[in-house]
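Student: no sequence for this one, just the structure:
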């Protein structure tokens, strides 16, 4: 049996715990400008229809007495570490998948800690007693169902899907509840008249593959109660990214170039801090009408240089035919590998490949920044104007 532990409104709950004036009030974690978006909404705020990724101006329209609190990543990471230490006490098979959620395979742990439900209740109690935070836990024989179960009775919920219920549960499960099903997939689902996961079995693999690509095979397996994914104790995060919602919508190339450079610097620094290399770079653009696109590029070699990430991201941007003003720009990397991953040597070395040289420069800059502060050294094009604002914000 697999447990999925998901903290309840994690960032907002921490702020409400630490500031009594925020208790029982609608709270969001975000910047305070009209162009900021909601990172997390408390359950009091969610009653007004406010959710993650919603623009703050819209959230204010839904709730005029909304409390807006700036985020504190350092504090949230510290709390996350404590939570994961509590969870890992109950089984060595723990997979942390984000700052506030983890899977736990408790198979064989009953003799030590009691039934699966007893283990879940102990985790909930220990987290609350030590940190004054609540979590919701789903228990199921397969991984994807445990995640769905943890979301069924939030906040502070505990939901179990026994083996005997799996078949019926899957048959009636709304298809939009399946992880990985987005807006585009839902359009195809509607055309095929697929309303539940059980409806997937009406179609064979060729049709599902044609409509949904690789996801088609997985959907067919899930509809039959098969989930081959396991709790991975050596889990490596899948991506690193950085994005910014701009002070005003822009189209100026030089300004956009500076923003891509700054985001690339942040991503590269994080990549090196985590001791990862990447094989894929992507950009994200959100336009003035709130439509958005992503573009990605697979690399010939593993990199961690900020300059290399920037060059790839800028190349991707130049390939986009931009016809609308841009309100958000993001840069990210995927296909992450440990820095000690062995790589195949190229028979013919590229004479224009200066990534290794730039990596040495980046590591030197990282060391200086760590010792003397983040702003002690920076790219000349990222200097601030006389009002202390980044040039693209003015």
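Tutor: Happy to help now that I have it. Given the structure is predicted, the values throughout are model-derived calculations rather than measurements. Numbers count the residues shown, from 1 in each chain.
Student: run through the stretch 101-250 of the chain and note the low-pLDDT ranges.
Tutor: 235-236 (pLDDT under 70).
Student: buried set for the helix or strand that contains residue 293?
Tutor: Under the criterion of DSSP states H and E, residue 293 resides in strand 292-303. Using 16 or more other C-beta atoms under 10 Å as the test for burial, strand 292-303 gives 299, 302, 303. Where you see a C-beta, it was placed from the backbone N, CA and C, and this is true even at glycine.
Student: what's the mean pLDDT across that strand?
Tutor: Averaged over strand 292-303, pLDDT sits at 92.
Student: by contact count, what packs against the helix or strand just after it?
Tutor: Next helix or strand after strand 292-303 toward the C-terminus (DSSP H and E): helix 306-318. For helix 306-318, the packing partners by 3 or more C-beta pairs under 8 Å, 6 or more residues apart in numbering; DSSP states H and E come out as helix 253-273, strand 276-287, strand 292-303, strand 326-338, helix 355-372.
Student: quick one, phi/psi of the most centrally placed residue in the chain?
Tutor: Centroid-nearest residue in the chain: residue 98, 6.8 Å away (criterion: C-alpha atoms, centre = their mean). For residue 98, the backbone dihedrals (degrees, to the nearest 10) come out as phi -160, psi -180.
Student: who does it bridge with?
Tutor: residue 101 (DSSP bridges).
Student: thinking again about what came up before, next, format the helices and strands packed on helix 306-318 as CSV and append distance to residue 2.
Tutor: Below are the helices and strands packed on helix 306-318 laid out as CSV (distance: least, C-beta to C-beta, whole Å):
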stretch, distance to residue 2
helix 253-273, 30
strand 276-287, 27
strand 292-303, 31
strand 326-338, 24
helix 355-372, 38
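Student: which among those is found nearest to residue 137?
Tutor: strand 326-338 (28.2 Å; C-beta to C-beta).
Student: what about residue 21, how many residues nearby?
Tutor: Residues lying near residue 21 (other C-beta atoms under 10 Å) number 7.
Student: check residue 176 too.
Tutor: When neighbours are defined as other C-beta under 10 Å, residue 176 has 14 of them.
Student: any idea how far the residue nearest to it when sequence neighbours are not counted is from residue 175?
Tutor: Distance criterion C-beta to C-beta, 6 or more residues apart in numbering; nearest residue to residue 176, sequence neighbours excluded, is residue 186 at 6.1 Å. Using C-beta to C-beta, to the nearest Å, one obtains 8 Å as the distance from residue 186 to residue 175.
Student: same check on residue 240?
Tutor: Taking C-beta to C-beta as the measure, residue 240 falls 31 Å from residue 175.
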